[in-house]
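Trainee: need a 3D model of the following:
(one chain, ligands or ions: 1)
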Amino acid sequence: MAGERILVVDDLELNRLLLRDLLEAEGYRVREAVDGNEAILAVAHDPPDLILLDAVMPDRDGFSVTAALKSDPATRLVPIVMVTALTTLEDKLHAVALGVDDFLTKPINAAELRTRVRSLLALKHFTDELEHASQVLESLAIAVEHRDGYTGGHCKRVGRYARRVGEELGLDPATLDVLRLGGVFHDIGKITVPDEILRKEGALDVHERGIMARHVDAGAAICSPMKTLRKVIPLIRHHHERLDGSGYPEGLSGGAIPLAVRIVSVVDIFDALSTRRPYREPLTPEDALATLRTEAAQGWWDAELVEVFARILARDGIDRNDG
Ligand SMILES: [Fe+2]
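Mentor: Next comes the predicted model:
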C-alpha cells in the first residue's frame, strides 16, 4: 500500500539517502532521524507505520531506541526493522527480546528491503484494524456504563484498580493487561438488559434478577469473536461468582474462581460502592472498604485481596479519574 509512512533512523547520511531513494520509489513517504533521541521524538510526535532502525549509532543505539518504543503502549505496535551489519546470534536474540520485528543486513539488498517492508506493513495494517475493533468495543462498554447510571469512568477505574492489585501481587505483564481489559469489559453484556431493570430503584424481583444475571453470558458472547480478548472472557463471565458458591452464573466456589476474576470482583464492588449512583450517595472509601470486609468475612470475596487493595488505597489514595 503506497503512501505509508516510514521513519529511517541512521547516523550516516549516505545510508539514509539510499533507503529514502529505494522506499520513495515504492511510493512510501519517508522521514529521517539522525540519531536515537531524534527518532524517539519523531515517533512520539507522529508515529510512523514502520521504522528502519540502524543498530549502531553514537549516544543512543538502536537497542535502546527499541527498548523505549516497545515499552510504551502508544508506540509498541509500530514495527521496527533493525538494519545491521551485526551478525552474531547473541545480538539478534537481544534485539528480538527487546521487541525488534525483523532484520535487514547491510549492505542492503533492494529486493529484500521491498519484501520485508511490504510484509510488515501488511501486518501493521492488520493490527491497526484489531486496535480499531477493540476501541469500538471499549466505546460500547462506556456507553453501557452510562445507561447503568454511572456518571463516568467506572469501567476504566475498575480496569486500573485491577491492574494495580495485579502489580502489587507481582503478576506478569500479560496478566496485568488481562486485568485491565477485564475491568473495562466486565459489564458490557448489560447492553442486553432493558432500561427498566437496569435503572430500577430498589430491589429486583426474581424474574428481573434472572434477566440481569444474563449480562455475564451476553458479555462473554459479545467479546468472544475477538481472539485478543480470549483470556478476558472468564473475567467477564465470572465476575459475579462468590467464594462460598452463592454467585452466578456457575456457582463456582473457592479456588475454582481464578485469581484474576477474584481481583476484578473486589475492585468492581469497591468502585460501585464509592461512586455516586442515581439512587444513592457514594460511600466514603473507608465505608466501602468496611462493607467489602464484612462481605469477605461472610464468605463472598477474597479477604486477602481486600487487604491488598486496602493497602494500595492507603498508599495511593482513591482513583478520582472519571475518564
Ligand atoms: Fe456485572
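Trainee: the host helix or strand of Arg262 - contacts with which helices or strands?
Mentor: Element membership for Arg262, per DSSP states H and E: helix 259-273. If you count contacts as 3 or more CB pairs under 8 Å, 6 or more residues apart in numbering; DSSP states H and E, helix 259-273 packs onto helix 154-168, helix 173-185, helix 233-238, helix 285-297, helix 303-316. (Glycine included, C-beta is placed from N, CA and C.)
Trainee: quick one: which of those helices is nearest Met82?
Mentor: helix 173-185 (22.4 Å; CB to CB).
Trainee: neighbouring contacts of the closest one?
Mentor: Helix 173-185 is contacted from outside by 137-138, 141, 155-163, 165-167, 171, 219, 223, 229, 231-232, 235-236, 239, 260-261, 263-264, 267-268, using CB atoms under 8 Å, 6 or more residues apart in numbering.
Trainee: got the angle for that helix vs helix 259-273?
Mentor: 40 degrees (axes from the mean of the first three to the mean of the last three CA atoms, to 10 degrees).
Trainee: helix 173-185: what's the following helix or strand?
Mentor: Following helix 173-185 in sequence order, the next helix or strand is helix 195-198 (DSSP H and E).
Trainee: flag every buried residue along that next one.
Mentor: Ile197, Leu198 (16 or more other CB atoms under 10 Å).
Trainee: centre of the chain to it, how far?
Mentor: 30 Å (CA atoms, centre = their mean, to the nearest Å).
Trainee: and the next helix or strand after that helix, what does it pack against?
Mentor: Counting by DSSP H and E, the next helix or strand C-terminal to helix 195-198 is helix 206-213. Helices and strands touching helix 206-213, as assessed by 3+ CB pairs under 8 Å, 6+ apart, comprise helix 195-198.
Trainee: which among the contacts of helix 173-185 end up buried?
Mentor: Buried, going by 16+ other CB under 10 Å: 137-138, 141, 155-163, 165-166, 171, 219, 223, 229, 232, 235-236, 239, 260-261, 263-264, 267-268, out of the contacts of helix 173-185.
Trainee: run through the protein and note the low-pLDDT ranges.
Mentor: The chain contains residues with pLDDT under 70 at 1-2, 86, 151, 323.
Trainee: let me see the domain layout of it.
Mentor: 5-128, 148-316 (automatic domain parsing).
Trainee: nearest to Asp322 among the ones you listed would be which one?
Mentor: Here domain 148-316 is closest among the domains of the chain (CB to CB), at 3.5 Å.
Trainee: give me the distance between the two termini of the closest one.
Mentor: 28 Å (CA to CA, to the nearest Å).
Trainee: how far is it from where the chain is centred?
Mentor: Between the centre of domain 148-316 and the centre of its chain there are 17 Å (CA atoms, centre = their mean).
Trainee: and stretch 102-118, by the same measure?
Mentor: Centre-to-centre, stretch 102-118 and its host chain are 32 Å apart (CA atoms, centre = their mean).
Trainee: kindly report the same for stretch 121-140.
Mentor: On the basis of CA atoms, centre = their mean, stretch 121-140 sits 12 Å off its chain's mean C-alpha point.
Trainee: show which residues not belonging to it make contact with it.
Mentor: By CB under 8 Å, 6+ apart, stretch 121-140 touches 1, 4, 49-50, 77-79, 184-185, 188, 191, 222-223, 226, 228-229.
Trainee: send me it as PDB with only the CA atoms.
Mentor: Provided in PDB are the C-alpha atoms of stretch 121-140 (Å, rounded to 0.1, in the frame of the first residue of the first chain):
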ATOM      1  CA  LEU A 121       3.200  -3.100   6.700                       C
ATOM      2  CA  ALA A 122       0.600  -5.600   5.800                       C
ATOM      3  CA  LEU A 123       0.800  -7.000   9.300                       C
ATOM      4  CA  LYS A 124       0.700  -3.400  10.700                       C
ATOM      5  CA  HIS A 125      -2.500  -2.800   8.800                       C
ATOM      6  CA  PHE A 126      -4.000  -5.900  10.400                       C
ATOM      7  CA  THR A 127      -3.000  -4.900  13.900                       C
ATOM      8  CA  ASP A 128      -4.400  -1.400  13.300                       C
ATOM      9  CA  GLU A 129      -7.700  -2.900  12.300                       C
ATOM     10  CA  LEU A 130      -7.700  -5.000  15.500                       C
ATOM     11  CA  GLU A 131      -6.900  -1.900  17.600                       C
ATOM     12  CA  HIS A 132      -9.700  -0.200  16.000                       C
ATOM     13  CA  ALA A 133     -12.100  -3.000  16.700                       C
ATOM     14  CA  SER A 134     -11.200  -3.200  20.300                       C
ATOM     15  CA  GLN A 135     -11.600   0.600  20.600                       C
ATOM     16  CA  VAL A 136     -15.100   0.300  19.200                       C
ATOM     17  CA  LEU A 137     -15.900  -2.400  21.800                       C
ATOM     18  CA  GLU A 138     -14.400  -0.200  24.500                       C
ATOM     19  CA  SER A 139     -16.700   2.700  23.500                       C
ATOM     20  CA  LEU A 140     -19.600   0.300  23.700                       C
END
